[in-house]
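Engineer: predicted model and sequence below, questions to follow.
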Amino acid sequence: MKYYLSLSSGREVELEVLEQGPGTARLLVDGREVAADFLDVDRLGQYAVGLDGRSYAASIEARSDTQLVVTLAGESFAVTAVDERERAAGELAASRPKAETIMASMPGIVVGLRVELGQTLEPGDPVLVLEAMKMQNEICSEHGGIVQEILVEAGESVAGNQLLVKLAPLEEEA
C-alpha cells in the first residue's frame with residue numbers, strides 16, 4: 001500500500017509498504033528501500049523505531065484520520081497522511097465541476113447586477129455590486145458556472161451571508 005505524506009515543512013514524501021511482519025517492515029521511501037523495526041512501547045503513541053540499523057524514539061499523536069503530529073528526536077512535525085485510494089478519490093473530486101453559491105460578504109444594498117439567468121461566467125467574473133458603508137464592492141464568482149438563480153434585485157438591502165446568486169457547474173468539455 002502506498003501512502004502520501006505532507007510534512008509541515010512543505011516536504012512531500014511517498015511511502016510504500018513492501019512487506020510487513022510482526023514488528024518489522026520493508027519500506028520504499030521516495031524510491032529508497034528502508035528496513036524498519038518498530039515496537040509499540042506503551043500503546044499510547046510511543047514507539048521504539050529502527051530504520052536501517054539506527055534507533056529512534058518516536059511519538060505519534062493522531063489528530064484525525066489523516067492528520068498526525070510526529071515527534072522524533074525532540075522535533076515535532078505536523079503530517080497529513082493519505083493512502084493511494086484516498087488520494088485518487090480527492091483528485092477525482094477536485095477535477096469535477098463545482099456548483100457555487102454567491103453570498104453577501106457584509107450587509108449592504110445591491111447597486112447593480114452584472115449577470116442574467118443562463119449566462120456563463122468564468123472564475124473571477126463580476127456578479128453584482130454591493131454598497132456597504134458608502135463603498136461599492138464588486139462581488140465576483142470564485143469557480144465560474146452558469147447563472148441558475150438570481151435571488152436579489154438592484155436596490156434591495158441584503159444581510160451579511162445572505163444568498164444572492166446560485167451558479168450551476170460548467171459541464172466538462174468532451
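Structural biologist: Noted; the coordinates are in hand.

Engineer: output the least confident helix or strand in the chain by mean pLDDT as PDB, nothing but the C-alphas.
Structural biologist: Scoring the helices and strands of the chain by mean pLDDT, DSSP states H and E places helix 84-95 at the bottom, with a mean of 80. Only the C-alpha atoms of helix 84-95 are listed here, as PDB (Å, rounded to 0.1, in the frame of the first residue of the first chain):
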ATOM      1  CA  GLU A  84      -3.400   5.900  -2.600                       C
ATOM      2  CA  ARG A  85      -7.200   5.300  -2.600                       C
ATOM      3  CA  GLU A  86      -7.900   8.500  -0.600                       C
ATOM      4  CA  ARG A  87      -5.600  10.400  -2.800                       C
ATOM      5  CA  ALA A  88      -7.300   9.200  -6.000                       C
ATOM      6  CA  ALA A  89     -10.700  10.000  -4.600                       C
ATOM      7  CA  GLY A  90      -9.500  13.500  -3.700                       C
ATOM      8  CA  GLU A  91      -8.100  14.100  -7.200                       C
ATOM      9  CA  LEU A  92     -11.300  12.900  -8.800                       C
ATOM     10  CA  ALA A  93     -13.400  15.200  -6.600                       C
ATOM     11  CA  ALA A  94     -11.100  18.200  -7.300                       C
ATOM     12  CA  SER A  95     -11.400  17.600 -11.000                       C
END
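
Engineer: roughly how far apart are the residue of the chain positioned farthest from its centre and His143?
Structural biologist: In the chain, the greatest distance from the average C-alpha position (C-alpha atoms, centre = their mean) is reached by Gly155, at 37.1 Å. Distance, Gly155 to His143, using C-beta to C-beta, to the nearest Å: 28 Å. In this view, the C-beta of every residue, glycine as well, is placed from N, C-alpha and C.

Engineer: sweet, I'm off.
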